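Colleague: would you be able to build a 3D model of this:
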Amino acid sequence: MERAAGFAHDDTVEPKLDKLDGLLAQSFTPRQDAALFAEMLSLPNDGRHPTLELASQQRRQKTLEALTAQLEALSRSGRVLMIFEDVHWSDPTSLEVLGRTVDRRLAPSLPPNREPVSQLIAGPKIREQVRCSSGRSSRRATVAGSGEAAG
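Modeller: Residues are numbered from 1 along each chain as shown. Okay, here's the model as predicted:
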């Protein structure tokens with residue numbers, strides 16, 4: 001999200017918030033979701049976003065829902081290529097985002113580069129759609145898989 005918003009290394013908080021708001025305005029992101037994204041990016045609320053009084057688990061759930069909604073909005077406006085490098089090392093939250101992506105069919109093909117990934121990702125829908133090779137994928141297979149994902 002930082003890259004998509006155009007954050008520069010030397011940006012202070014205000015320009016980062018401005019850039020984030022500009023990015024989120026393109027997809028008509030609700031203000032509550034913008035507040036969650038700002039918090040996710042460790043940007044303090046300067047008053048432009050609503051203050052959300054949520055328990056830790058509620059905040060996590062709302063943030064995951066906001067990320068999924070953002071991805072859905074992007075996929076409606078064009079093709080989206082998601083790359084999960086070294087998915088076998090992914091943390092549980094990243095795997096949940098990946099699972100939500102597959103559950104909502106936002107990514108038609110997800111070609112990981114390691115076989116054990118099917119063991120790490122829970123849920124039958126993901127196992128159906130994740131095609132694993134034995135050992136490391138060749139560059140050609142990875143590129144072909146990426147082409148399938150991009151349409």
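
Colleague: just give the nearest non-adjacent residue to Leu98, would you?
Modeller: Excluding the flanking residues, the one nearest Leu98 by CB to CB, 6 or more residues apart in numbering is Phe84, at 6.0 Å. Bear in mind the C-beta positions are built from the backbone N, C-alpha and C, glycine included.

Colleague: what's that neighbour sitting at in phi/psi?
Modeller: Backbone torsions for Phe84, taken as degrees, to the nearest 10, come to phi -110, psi 90.

Colleague: now for it, how many residues are close by?
Modeller: Using other CB atoms under 10 Å, Phe84 is surrounded by 20 other residues.

Colleague: relative to Thr68, how far out is it?
Modeller: 15 Å (CB to CB, to the nearest Å).

Colleague: ok, longest helix in this protein?
Modeller: In the chain, taking DSSP state H as the definition, the longest helix is helix 56-77.

Colleague: list the helices and strands that helix packs on?
Modeller: Applying 3 or more CB pairs under 8 Å, 6 or more residues apart in numbering; DSSP states H and E, we find helix 56-77 packed against helix 31-40, helix 92-103.

Colleague: in it, what's buried?
Modeller: 62-64, 66-68, 70-71, 75 (16 or more other CB atoms under 10 Å).

Colleague: would you mind getting the angle between it and helix 92-103?
Modeller: Here helix 56-77 runs at an angle of 40 degrees relative to helix 92-103 (axes from the mean of the first three to the mean of the last three CA atoms, to 10 degrees).

Colleague: lovely, talk soon.
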